[in-house]
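Student: got a sequence here, can you model it:
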Amino acid sequence: MKDRVLIEGLEVRTVIGIYDWEREIRQTVRLDLEMAWDISAAAQSDDISDTLDYKSVSKRLISFVEASSFGLIESLAEHCAGIILNEFHVSWLRLKMSKPGAVRGSENVAVLIERGTLA
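Tutor: All right, here's what the predicted structure looks like:
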């Protein structure tokens, strides 16, 4: 499948980190998503019910991430990928989970994962 639905730069504040001080504050994480989805039906019908509703995906992830409390962005990324694959029936995704400013002198640190099967 060559079609993709992208969500880029989705910023959410959450409790994330392994240090005591990080457990007491909320920090920003940024998600960039690339999801395999055949858009041909939606292109023909112009009907939201025929596509991957990126607003619904975003709202679900925001709700989950805001309520979560993980030590590692790796764990948070894996849980977010599971939500997308299982709840939205996406067959494949690439998810970049960033934690801006996590390392002094760097703009950003991130993990990039791919899950599912690209048909």
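Student: list the buried residues of the helix or strand where E11 lies.
Tutor: If you go by DSSP states H and E, E11 is part of strand 4-16. Neighbour-count burial for strand 4-16, with 16 or more other C-beta atoms under 10 Å as criterion, is recorded at 5, 7, 10, 12, 14-16. C-betas here are computed from N, CA, C, even on glycine.
Student: extract the C-alpha set from whichever helix or strand E66 is part of and format it as PDB.
Tutor: E66 belongs to helix 54-67 when assigned by DSSP H and E. What follows is helix 54-67, C-alpha atoms only, in PDB (Å, rounded to 0.1, in the frame of the first residue of the first chain):
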ATOM      1  CA  TYR A  54      -6.900  11.800  11.800                       C
ATOM      2  CA  LYS A  55      -8.800  14.000  14.200                       C
ATOM      3  CA  SER A  56     -10.100  11.000  16.100                       C
ATOM      4  CA  VAL A  57      -6.600   9.400  16.100                       C
ATOM      5  CA  SER A  58      -5.200  12.700  17.500                       C
ATOM      6  CA  LYS A  59      -7.800  13.100  20.200                       C
ATOM      7  CA  ARG A  60      -7.400   9.500  21.300                       C
ATOM      8  CA  LEU A  61      -3.600   9.900  21.500                       C
ATOM      9  CA  ILE A  62      -3.800  13.200  23.300                       C
ATOM     10  CA  SER A  63      -6.200  11.700  25.900                       C
ATOM     11  CA  PHE A  64      -4.000   8.700  26.500                       C
ATOM     12  CA  VAL A  65      -0.700  10.600  26.600                       C
ATOM     13  CA  GLU A  66      -2.000  13.300  28.900                       C
ATOM     14  CA  ALA A  67      -3.300  10.700  31.400                       C
END
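Student: who does that helix touch, helix- and strand-wise?
Tutor: Other helices and strands packing on helix 54-67, by 3 or more C-beta pairs under 8 Å, 6 or more residues apart in numbering; DSSP states H and E, are strand 4-16, strand 27-36, helix 73-87.
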